[in-house]
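J.: Please work out how this folds:
(one chain, ligands or ions: 1)
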Amino acid sequence: MLFSGWGSAVETPWPDVAEVPDQVGVRHLVVTRHALVRQVLADPVTYRPDNALDAVTPMPVAALRVLAGHRFRLPPTLANNSGASHPEIRAIVAEALHPARVAAQRPWLTALVRDRVARLGARLDTGASVDLYADLAADLPLLVLARLVELPDAPVAAVKEFARAALELFWAPLDADRQLALAAEVGRFHGVLRDFAAGGGGLAAELRAAGHPPDVVVGALFFLLVAGQETTSQFLTLLLHRLAGEPAVRAGLRTGAVAVADVVEEGLRLEPPIVTWRRVAATDSTLGGTAVPAGSSLVLWLARAGRDPAVVESPDEFRPGQRGSRRHLAFGAGAHRCVGDVLARMEAAVVVAEAAALLDGVTVVRPPWCPDNLTFRMPDAFVVRSVERSGRS
Ligand code: HEM
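T.: Residues are numbered from 1 along each chain as shown. Here you go, the predicted model:
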């Protein structure tokens, strides 16, 4: 389960808290029930977030040397910060992602998506296949983020490559050669971020002005560039793929019987891009009757919590608006709850509203393939083509 946590059907029984060894023999406590996952997230004193960005495959000396050569550091900043600086750093980031600023991006994003959808529809009409990951979803969140937060002047492809390398380096089971290659990529881009952190404006300047050291400014930019765009582009891809197999939901969207916002929530519940998130036990405790010794790694199975029958009426069915649909934990909970949720929801709502109709009359040529990863889905492509070459309106 550890590296393909989205695949397990809800009928497969799991204990509430299960001890599971990983590929190098480290034992994790996997928490499966909604109430227990929530309990852990809501208690950052007993269950600290310090291990959020720890590499699940320990880095060999050669990869550590490569990172050190790039002066790579990820000090406690946002997701991995249980210290006193967290609330202030979080508040500065939250201001940049304020709901009013997010709402102001909606018309721009709508126009961009509408234009892309029109072009993709025209290509489908010629009988060509289109990749709704590469041609629609992949860069949208980064383009929006760059309008909200001042970022280094790097090509979109370079940021995507770095972000995916980071998700693999820290959360995938890896061999030493791959770790070395990924460390080189992540370390190199970390250098770009460090240069920008020293003199860049916007969020970087605000963090500097608030007295945060350069490593923290780099850490915040690093996390934003990974969490703030890759998660959402993965989600958009997974949601579109899910909708391709849900014609009744698409019909409801067409007539207005199904609300876009409900589709987004049901998508987050059933297709979360982040399937697990970690905490580390600060003290000995008991969770759902299971002893949790201090130092234990807790793997919170967010995807499974979203399908807990104690919370959702029809856990495995995509039924927008059903009882419990919005109670998913896709964005976490408590003091570290995702600070980009409003942005992610806005982006997903625009894509559902504008692009769902593109899925009418298409067949899936290539569903998204997801590699082994503790936390992130990382779909690589989603290719469709029109069933009939003509007849699209
Ligand atoms: C569908 C898209 C997204 C999902 C599923 C998601 C999910 C998550 C999760 C599970 C956490 C950890 C929460 C916890 O520890 O309780 C988190 C934290 C965070 N996310 Fe997101 N996220 C998404 C998009 C975004 C976006 C668009 C941004 C910003 C542009 C963002 C920025 C952050 C930040 C800064 C944190 C750390 C918050 C803290 O520790 O105080 N995320 N996210």
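J.: ok, now how distant is the closest residue to residue 308 other than its chain neighbours from residue 98?
T.: In space, and not counting its chain neighbours, residue 308 is closest to residue 34: 3.8 Å by CB to CB, 6 or more residues apart in numbering. In this view, the C-beta of every residue, glycine as well, is placed from N, C-alpha and C. For residue 34, the distance to residue 98 (CB to CB, to the nearest Å) stands at 29 Å.
J.: who's more crowded, these two?
T.: residue 34 (23 against 13; other CB atoms under 10 Å).
J.: Could you double-check that that one sits in contact with residue 315?
T.: No: counting by CB atoms under 8 Å, residue 34 does not reach residue 315; the two are 10.2 Å apart.
J.: any common contacting residues for the two?
T.: residue 308 (CB atoms under 8 Å, 6 or more residues apart in numbering).
J.: ok, the residue of the stretch 101-250 of the chain at minimum distance from the ligand - contacts?
T.: The nearest approach of the stretch 101-250 of the chain to the ligand comes at residue 228, 2.8 Å away (CB to the nearest ligand atom). Residues near residue 228 by CB under 8 Å, 6+ apart: 141, 145, 149, 340, 343.
J.: Next: residue 62.
T.: Counting by CB under 8 Å, 6+ apart, residue 62 has contacts 176, 179-180.
J.: now, among those, which is nearest to residue 65?
T.: residue 180 (9.3 Å; CB to CB).
J.: Count the residues that sit near the closest residue to that closest one other than its chain neighbours.
T.: Spatial nearest neighbour of residue 180, chain neighbours left out: residue 63 (5.2 Å); criterion: CB to CB, 6+ apart. Per other CB under 10 Å, the neighbour tally for residue 63 reads 25.
J.: that's a helix at residue 63, yeah?
T.: Yes: remark: residue 63 belongs to a helix, assigned using DSSP: H, G, I helix; E, B strand; the rest coil.
J.: doesn't residue 181 make contact with it?
T.: No: counting by CB under 8 Å, residue 63 stays clear of residue 181, with 9.1 Å between them.
J.: List the contacts of the residue lying closest to residue 22 once chain neighbours are set aside.
T.: In space, and not counting its chain neighbours, residue 22 is closest to residue 2: 5.5 Å by CB to CB, 6+ apart. Under the criterion of CB under 8 Å, 6+ apart, the contact partners of residue 2 comprise 20, 22-23, 28, 30, 299, 374.
J.: who are the neighbours in contact with residue 321?
T.: 258-259, 262, 266.
J.: With residue 210 instead?
T.: By CB under 8 Å, 6+ apart, the residues touching residue 210 are 88, 92.
J.: For it, give me the pLDDT.
T.: Looking at residue 210, its pLDDT is 97.
J.: And residue 187, by the same measure?
T.: So, for residue 187, pLDDT stands at 97.
J.: Which residue is the nearest non-sequential neighbour of it?
T.: residue 70 (3.2 Å).
J.: Check whether the one you found really touches residue 192, as I assumed.
T.: No: with contacts defined as CB under 8 Å, residue 70 does not count as touching residue 192, sitting 10.0 Å away.
J.: now for the contacts of residue 2, which pair is the farthest apart?
T.: 23 and 30 (14.5 Å).
J.: Show me which of those two is the more surrounded one.
T.: Neighbours per residue (other CB under 10 Å) separate residue 23 from residue 30, with residue 30 holding more: 21 against 14.
J.: for that one, helix, strand, or coil?
T.: strand.
J.: related to what we said a few turns ago, any idea which of the contacts of residue 321 is closest to the ligand?
T.: Using CB to the nearest ligand atom, these come closest to the ligand at residue 266, 13.2 Å.
J.: isn't that closest one right next to residue 322, touching?
T.: Yes: at 7.4 Å, residue 266 counts as touching residue 322 under the criterion of CB under 8 Å.
J.: For those two, indicate the residue with more neighbours.
T.: residue 266 (26 against 17).
J.: Name the residues of stretch 60-72 that are buried.
T.: Neighbour counts using 16 or more other CB atoms under 10 Å place 63, 66-67, 70, 72 of stretch 60-72 among the buried residues.
J.: ends of stretch 350-363, how far apart?
T.: Stretch 350-363 has its terminal residues 23 Å apart, counting by CA to CA, to the nearest Å.
J.: For it, buried residues please.
T.: Quick answer for stretch 350-363 (16+ other CB under 10 Å): 350-356, 358-359, 362.
J.: For the chain, list the residues in contact with the ligand, please.
T.: 41, 49, 78-79, 90, 93, 97, 145, 223-224, 227-228, 231-232, 235, 272-274, 277, 330-334, 336-340, 343-344 (CB under 6 Å from any ligand atom).
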